[in-house]
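Asks: dropping a prediction and its sequence here:
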Amino acid sequence: MHWRRLPLLALAMATLLAALAGGLARLHWRFPLLTGSWITYHGPLMAGGFLGTVICLERAVAVGRRSAYLVALLAGGGGLALLVGLPREAGATAMALAAAGLVTLYATLWVRQPTPHTATMGAGAACWLAGNLLWLAGWEVAEVVAWWLAFLVLTIAGERLELSRFRPPGRLGERLFVVAAALFFAGTLLTAVAPEVGWHLLGAGEVALAAWLGRYDLARHTVRQHGLVRFVAICLLSGYAWLAAGGCFTLVVGAPAGGDLVYDLLLHPVFLGFVMAMIFGHAPIIFPAILGRPLPFSPRFYLPLALLHLSLVARIAGDLSGFLPARAWGGLVNGVAILLFLLSTGAAAVAGARPRP
């Protein structure tokens, strides 16, 4: 057990819980101990405090340098600053430093191994840095959220591209990936100067990346297997479907400037349907590396995944129809699904730690 990693993981989990509470408060659910900062900074807490810390921690484990853990600590510290109600500048500064550290890590990897997947993940880290700097400069969350979204989408796409070496997509497949990623990245850049054009282009890039992943990812083949391998594949393929759905909505609607329903419609298929499905699928693989203990697979992992997708369908239906109870209850069950996933993962970790007779 790598005990030194536990505080960072605990920090990420605390930030996740605060982000969930803040997000549900936006849907008019109220919880004890809820603070205004959790509601105001729901997006930064989730994208930077939780996901940023987890991604940086995973990279630190992969790199194997103690100094790399400082990057994860900065991300978690930025989330903690927002969680306890410190000024926005404190959290934004820490997260910007974490993003800069992550960019440096990828730059080091690029020098050693100049590959398309390293460039893709590095571009994602650069988007996180740009978004954090703009937020630090006073831009609103809605104005920089595309940069945080790009951080997560490009990081995941780069990781999947890296694993495609086990079943190479061929020269055409590699070129198609570059086109899709470039389209998405160009849309992200344009959201800062021409938001309406940029968001339409970003949506097209999401659809293109989802199509590439659906066509070339290993999950197309591993879904025919059993146990953990099949579960991971189902998580991935279902996530790609949500990425495509979010891309279609964004391609049609453009910038999320039409109020809460439009904002929810464009962002949460990606942040919840795509990103959280990736978290669900990769947790049984990543957490053993972080914790240094096995995480036995159990069929109960399917329950939170099913709840996540079904409740997100209800939430998106509420957004499209304007039926607010469906949106509110769908959002509540989204949170329940994530909490159930955490409990299932924790139970599996405890079971994996027990000595065998």
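Replies: Happy to help now that I have it.
Asks: which one is the spatially most central residue of the chain nearest to, not counting chain neighbours?
Replies: Nearest to the geometric centre of the chain sits residue 275, at 4.0 Å (CA atoms, centre = their mean). Closest residue in space to residue 275, ignoring its immediate chain neighbours: residue 152 at 5.2 Å, by CB to CB, 6 or more residues apart in numbering. The C-beta positions use only the backbone N, C-alpha and C, and glycine is treated the same way.
Asks: which ones are touching the one you found?
Replies: Neighbouring residues of residue 152 by CB atoms under 8 Å, 6 or more residues apart in numbering: 47, 51, 124, 270-271, 275.
Asks: quick one: which of the residues you listed is most hemmed in?
Replies: Neighbour count (other CB atoms under 10 Å) singles out residue 124 as the most crowded of the contacts of residue 152, with 29 neighbours.
Asks: pretty sure it contacts residue 154?
Replies: Yes: contact status for residue 124 versus residue 154: in contact at 3.2 Å, counting by CB atoms under 8 Å.
Asks: residues near residue 79, how many?
Replies: Residue 79: 32 neighbours (other CB under 10 Å).
Asks: what's in contact with the helix or strand hosting it?
Replies: Per DSSP states H and E: residue 79 is located in helix 68-83. With CB under 8 Å, 6+ apart as the test, helix 68-83 has contacts from 4-5, 8, 11-12, 14-15, 18, 37-38, 41, 44-45, 48-50, 52-53, 56-57, 59-60, 88, 90-95, 97-99, 101-102, 105.
Asks: mind running it again at 6 Å?
Replies: The set of residues external to helix 68-83 that reach it, using CB atoms under 6 Å, 6 or more residues apart in numbering, is 8, 11, 15, 18, 37, 41, 45, 48-49, 52-53, 56-57, 60, 90-91, 94-95, 97-98, 101-102.
Asks: for whatever helix or strand comes next after that helix, packing partners?
Replies: Going down the chain from helix 68-83, the next helix or strand is helix 88-112, by DSSP H and E. In this structure, helix 88-112 makes packing contacts with helix 68-83, helix 116-136, judged by 3 or more CB pairs under 6 Å, 6 or more residues apart in numbering; DSSP states H and E.
Asks: which among the ones you listed is found nearest to residue 110?
Replies: helix 116-136 (5.1 Å; CB to CB).
Asks: show me what the closest one is packed against.
Replies: helix 88-112, helix 141-163, helix 170-190.
Asks: what mean pLDDT does it get?
Replies: What helix 116-136 shows for mean pLDDT is 97.
Asks: where in the protein is pLDDT low?
Replies: Applying pLDDT under 70 to the chain flags residues 1-4, 33, 258, 289, 291-293, 351-357.
Asks: run the last query once more with 50
Replies: For the chain, the stretches with pLDDT under 50 are 1, 355-357.
Asks: which helix in it has the most residues?
Replies: Longest helix in the chain, counting residues (DSSP state H): helix 324-353.
Asks: ok, and for it, which residues are buried?
Replies: 326-338, 340-341, 344-345, 348-349 (16 or more other CB atoms under 10 Å).
Asks: any chance of the contacts of residue 152 in CSV with distance to residue 172 and secondary structure as columns?
Replies: Below are the contacts of residue 152 laid out as CSV (distance: CB to CB, whole Å; DSSP: H, G, I helix; E, B strand; the rest coil):
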residue, distance to residue 172, secondary structure
47, 33, helix
51, 32, helix
124, 24, helix
270, 26, helix
271, 31, helix
275, 28, helix
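Asks: to residue 230, which of the helices and strands packed on helix 116-136 lies closest?
Replies: Nearest of the helices and strands packed on helix 116-136 to residue 230, taken as CB to CB: helix 141-163 at 16.1 Å.
Asks: centre of the chain to the closest one, how far?
Replies: Taking CA atoms, centre = their mean, to the nearest Å, one finds the center of helix 141-163 at 7 Å from the center of the full chain.
Asks: that one vs helix 170-190, what angle?
Replies: If you take axes from the mean of the first three to the mean of the last three CA atoms, to 10 degrees, helix 141-163 sits at 170 degrees to helix 170-190.
Asks: can you give me the angle helix 141-163 makes with helix 88-112?
Replies: Going by the same axes, to 10 degrees, helix 141-163 makes 20 degrees with helix 88-112.
Asks: list the contacts for residue 306?
Replies: Counting by CB under 6 Å, 6+ apart, residue 306 has no contacts.
Asks: that one and residue 202, how far apart?
Replies: Residue 306 sits 29 Å away from residue 202, going by CB to CB, to the nearest Å.
Asks: repeat for residue 239
Replies: Distance, residue 239 to residue 202, using CB to CB: 18 Å.
Asks: more neighbours, these two?
Replies: The neighbour count for residue 239 versus residue 202, taken as other CB under 10 Å, is higher for residue 202 (31 against 28).
Asks: now the more buried one: closest residue in space that isn't a chain neighbour?
Replies: Nearest residue to residue 202, sequence neighbours excluded (CB to CB, 6+ apart): residue 187, at 3.2 Å.
Asks: how many residues are close by the one you found?
Replies: 23.
Asks: which residues are in contact with it?
Replies: Contacts of residue 187 by CB under 6 Å, 6+ apart are 198, 201-202, 205.
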